[in-house]
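1. With the sequence up front, the predicted model follows.
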Amino acid sequence: MSAVSAQTPAGRAVSVPEPATGAAELGPRARLWPAMAAVYRAQLSRARVARMPLLFVATFQSVGIMIMMRGVVDTRGEAQSVVAGSSVVVVAFVALNLLAQYFGQLRAGGGLDHYATLPVPPAAVVLGAAGAYASFTVPGTLVTAVFGCALFGLPLGNLWILVAVIPLAGAALAGLGAACGLLAPRPELATLLGQLGMSAALLLGVLPPDRMPELVRLARDLLPSTYGVEAYARTFGAHPHWAFVAGDLGVCAGVGVVSLAVATWAYRRAAVR
């Protein structure tokens, strides 16, 4: 900063600082992965406190469905579909339904303006929140799977496949949930879309596909969570077809990439309004 000379009314010369001509530089923009990790930790802490009762409801709902279906299914293949579908429904309840509500309320309440003022990439906000909500489903999914295997007499040996099913199916469903919440013009509509998505995951994922009409089977193929259900259900056999399991998980991963990209675009679109 330079100085210029000026005279006071008394005739004395004084030195006056010259105002700066350039604006102060902002700090560097945060990188994607550190910013995403920070959002993930914050959202996981918030979800653990605010969403624990709802996770209990989701788990209790899935367990109740399996108990009711216990007297309906009559083959081992149908039992595998019921257990796998009920386990993934927990993921759908949290990652799709609750995330749609969260982003819908965030948009309506001006919360996006807060994130827009932070030097974090939009993808970090979407990925961090989606990852936190998907991680939040782990306890309920494991409890549902173990209870279902014990109820229907299915083996627990390949329960480890949930390590892949939960994040991949969770990413696909969380991306859809975030997109619904960010694109819906009102939070009530975001809640409705989340509820409809969870209901579709419930009906199309839990019911054995062999008993569905052909048109409903086609609709089932369009729902990404059903590929997570199929991947888990295939592992109950004595000799699982791992290539088909990997293919189903690959579909979940592909849909997850696309849905999260759409959610990121929707976030940018909503944040600039």
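-> Okay, I see it.
2. Flag the shaky bits of the stretch 151-273 of the chain, pLDDT-wise.
-> Under the criterion pLDDT under 70, the flagged ranges of the stretch 151-273 of the chain are 273.
3. What ranges does it have for its helices?
-> For the stretch 151-273 of the chain, the helices defined by DSSP state H, counting those that start in this stretch occupy 162-183, 187-206, 214-221, 225-233, 242-271.
4. a markdown table please, covering these and showing distance to Leu99 and mean neighbour count.
-> From N, CA and C alone the C-beta is placed, and that goes for glycine too. Below are the helices of the stretch 151-273 of the chain laid out as a markdown table (distance: least, CB to CB, whole Å; neighbours: other CB atoms under 10 Å):
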| stretch | distance to Leu99 | mean neighbour count |
| --- | --- | --- |
| helix 162-183 | 4 | 27 |
| helix 187-206 | 7 | 20 |
| helix 214-221 | 22 | 12 |
| helix 225-233 | 14 | 29 |
| helix 242-271 | 9 | 18 |
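5. Nearest the geometric middle of the protein, what residue?
-> Nearest to the geometric centre of the chain sits Ala174, at 2.3 Å (CA atoms, centre = their mean).
6. My guess is it contacts Ala130. True?
-> Yes. Look at Ala174 against Ala130 with CB atoms under 8 Å: they come within range, at 3.6 Å.
7. Can you pull the residues that touch both of these two?
-> Common neighbours of Ala174 and Ala130 (criterion: CB atoms under 8 Å, 6 or more residues apart in numbering): Ala95, Leu99, Leu260.
8. hang on, the earlier thing: looking at the helices of the stretch 151-273 of the chain, which is closest to His114?
-> Closest to His114 of the helices of the stretch 151-273 of the chain is helix 242-271 (CB to CB; 10.2 Å).
9. list the helices and strands the closest one packs on?
-> Under the contact criterion of 3 or more CB pairs under 8 Å, 6 or more residues apart in numbering; DSSP states H and E, helix 242-271 touches helix 111-117, helix 122-135, helix 162-183, helix 225-233.
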